[in-house]
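In: coords please:
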Amino acid sequence: MTDWSLQELSRIGDAEELEIAPLHSDGSHRRPTPVWVVRIGDDLYVRAHRGRRGVWFSATQEQHRGHISSGGVDRDVEFVDEPDAARNDEIDAAYRSKYGHYGARYVEPMLADAARAAILKLVP
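Out: Here you go, the predicted model:
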């Protein structure tokens with residue numbers, strides 16, 4: 001397994017959105033979906049505002065692999081469920097900090113229980 005480079009972490013962490021394309025069962029990529037991404041230390045996280053039943057999130061659960069594009073970085077990744085409640089609190093804070101300028105209407109769904117249950121760590 002390869003780690004993220006500092007440049008990749010910075011570029012993706014500073015980007016407004018990330019395009020996520022989970023793999024189909026036949027190994028081809030699904031159509032990319034734009035999502036919000038946050039960085040905490042050397043880790044990158046995404047949440048599904050519609051929860052685990054959301055289309056793109058459900059697709060990540062089939063193969064747990066796919067491709068991301070963000071900030072000029074293109075990488076194949078593994079999607080790892082993040083069950084750590086303490087980390088979830090950090091992720092809430094990161095979403096508030098990074099995306100708070102959009103207002104509560106857009107940020108609050110990303111902090112709701114459904115989204116908190118649908119969080120993935122992106123591992124290159």
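
In: What residues are bridge-paired with the residue nearest to the spatial centre of the chain?
Out: Nearest to the mean C-alpha position of the chain, by CA atoms, centre = their mean, lies Val46 at 1.8 Å. Note on Val46: beta-bridge partners Val37, Leu120, judged by DSSP bridges.

In: quick one: it and Ile20 touch, right?
Out: Yes - counting by CB atoms under 8 Å, Val46 touches Ile20, with 6.5 Å between them. Any C-beta I mention is one placed from the backbone N, CA and C, and that applies to glycine too.

In: between the two, what contacts are shared?
Out: Counting by CB atoms under 8 Å, 6 or more residues apart in numbering, the contacts common to Val46 and Ile20 are Val35.

In: one step back: give me every residue that touches the residue nearest to the centre of the chain.
Out: Contacts of Val46 (CB under 8 Å, 6+ apart): 18, 20, 35-38, 119-120, 122.

In: out of the residues you listed, who's nearest Glu8?
Out: Nearest to Glu8, judged by CB to CB, of the contacts of Val46 is Leu122 at 10.4 Å.

In: hang on, that closest one in a strand?
Out: Yes - assigned with DSSP: H, G, I helix; E, B strand; the rest coil, Leu122 falls within a strand.

In: so what's it up against?
Out: So Leu122 contacts 37, 43-46, 68, 77-80 (CB under 8 Å, 6+ apart).

In: Any idea how far the longest helix along the chain is from the middle of the chain?
Out: Scanning the chain for the longest helix, with DSSP state H as the assignment, gives helix 85-99. Chain-centre distance of helix 85-99: 12 Å, with CA atoms, centre = their mean, to the nearest Å.
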